[in-house]
Structure formats: structure tokens, C-alpha cells
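Visitor: sequence and predicted structure are below.
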Amino acid sequence: HIFHLGYFCKVLINIHCHQQAHATGVLTVENVHFGQSAPAFSPWQSVGIHPWYFQAAQLKQATAWLHDMAARPETVAIGEAGLDKAIELTLDAQIPAFKRCAEIAETLQKPLILHCVRAYAEIIAWKKSWQPAQPWIIHGFDKHPQTAAMLLQAGCYLSFGAALLRENSRAGASLRATPPDRFFLETDAADVEIKTIYDQAARLRGIDPEVLEKQLENNWAQVFGPTT
């Protein structure tokens, strides 16, 4: 299928979601990970090898799965992929899967959605080393503006979720400091509607919700374009 935002008079964009919502007028990018048994619910998906659901011995199998899934028309992005220092799987074991995801994103010219825990320096170093042409989006960003600034300087996009709803959150401070053309919004696994995230983001940035909606439509077009 070919999808343009213009098909909706008004659309909210949720670029990273794990659970089905029933709101109309929402473009929801569902995350599908290697090893997932539940069927996909959204016509727009990101597919990746998540470090939580992967073991080093599965690399060949996971790569074959990713090649198949990534080429499908409903796949608009690759990921989650990334690095996580808070889990048992070592960083050395995670890196090959991360690299496969990044390589496939480049080959298919689709953006890469990143999971990152305590490994921002490594993500920035890999980005500088590989110099990918495709956008890298850090999902669920909830760190201080200083970390946001380093990622933005490296050319990454940031995606903010339910952490914005916490009073005086790091995510809120980072959102306010992020250029308007460099961020997205998401629900991730939170039991919250994307409109709630939008409303809070507009308040934090001190802008009209309709201005925010238009900006995020522009950001989608800039990063994802029409999907075929």
C-alpha cells in the first residue's frame, strides 16, 4: 500500500507502540521483535532484534527473520535495535545484532529506532564510525538535556513518551531543549493515549497543539516519507 498523511484530515503519529489502541486518526507504528509470538495489530510496523529477546547463538536465525520482515511494505522502520548495559547479555554479544539491524536499515533505506540503556556514548561512537545515511531515532528518551544535546549533535532524533507526564521530568526538560524538527512522540508500552502525550508535549513547549501536530507531520515526512 502507499500511505500519505494527507489521507487523514488530521492525524496523530505514535512512532513506537507495543499495545493495541482503538483511537481513530492515529498512525501507530507497532514494534515487532524477533521471537515475538503475538500477531501484529497495526498496518505500520518497525521490526528489529531487541537485546532483551535475543541470544548470541540466535544471530543467524534472527538475521534471516529480520531480512524477511524488513522488506515487507508494512515495515516503515527497523528496530527496536540497540545496546543495553542493564541486562545479562554482554555488550559484545549485543553488538553483532545491532550492526545487522543498522546494515539492513541502510540497505532498505528505512530509519532505525534505537533502544539504549547506559550506552549512549557507544551509540554515538558507532554512529560516527558508520556514518549512516538513514536517521537514527532514540526511542523512549528520558535523560538530561546534556545527553540529549550530545545525541542531537551526533545527528540522532529523539522520541519522547509517558515520561513527559511526570512533573519536572528529565524528559520534559530535554523536550523543551530539542529543536522542533528533531523529535517524535510515542506511547511505547504505557497504558496511555498518544493524544495525552501530545497535549503534554504542547504544554511543555508552550505551543498550540495544532502547531505541534503539524510539526510532527512534517517530521514524519522528513524521516519516513510515504511508505510503499
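Guide: Right, received. Where do you want to start?
Visitor: what sits against the nearest residue to residue 182 once chain neighbours are set aside?
Guide: Taking C-beta to C-beta, 6 or more residues apart in numbering as the measure, residue 182 lies nearest to residue 157, with 5.3 Å between them; neighbours along the chain are not counted. The way it works is simple: take the backbone N, C-alpha and C, and place the C-beta from them, glycine included. Taking C-beta atoms under 8 Å, 6 or more residues apart in numbering as the criterion, residue 157 is in contact with 135-138, 182-184, 219, 223.
Visitor: would JSON lines of those with pLDDT, secondary structure and distance to residue 32 be doable?
Guide: Output for the contacts of residue 157, formatted as JSON lines (pLDDT from 0 to 100; DSSP: H, G, I helix; E, B strand; the rest coil; distance: C-beta to C-beta, whole Å):
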{"residue": "135", "pLDDT": "98", "secondary structure": "coil", "distance to residue 32": "19"}
{"residue": "136", "pLDDT": "98", "secondary structure": "strand", "distance to residue 32": "19"}
{"residue": "137", "pLDDT": "98", "secondary structure": "strand", "distance to residue 32": "16"}
{"residue": "138", "pLDDT": "98", "secondary structure": "strand", "distance to residue 32": "19"}
{"residue": "182", "pLDDT": "98", "secondary structure": "coil", "distance to residue 32": "25"}
{"residue": "183", "pLDDT": "98", "secondary structure": "strand", "distance to residue 32": "23"}
{"residue": "184", "pLDDT": "98", "secondary structure": "strand", "distance to residue 32": "18"}
{"residue": "219", "pLDDT": "97", "secondary structure": "helix", "distance to residue 32": "22"}
{"residue": "223", "pLDDT": "97", "secondary structure": "helix", "distance to residue 32": "19"}
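Visitor: partner strands of the lengthiest strand in the chain, parallel or antiparallel?
Guide: Looking across the chain with DSSP state E, the single longest strand is strand 75-84. Using DSSP bridges, the neighbouring strands of strand 75-84 in the sheet come out as strand 44-48 (parallel), strand 112-117 (parallel).
Visitor: need the contact partners of the helix or strand following the shortest one.
Guide: Taking DSSP states H and E as the definition, the helix or strand that follows strand 44-48 towards the C-terminus is helix 59-70. For helix 59-70, contacts defined as C-beta under 8 Å, 6+ apart pick out 32, 34-35, 47-49, 54, 75, 78, 96-97, 100-101, 104-105, 108, 110.
Visitor: whichever of the residues you listed end up buried, select them in ChimeraX.
Guide: Filtering the contacts of helix 59-70 down to the buried ones (16 or more other C-beta atoms under 10 Å) takes a single ChimeraX command:
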select :32,34,47,48,49,54,75,78,97,100,101,104,105,110
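Visitor: strands along the protein, start to end?
Guide: Remark: strands of the chain, listed N- to C-terminal, are 12-17, 26-33, 44-48, 75-84, 112-117, 136-138, 157-160, 183-185; assignment by DSSP E.
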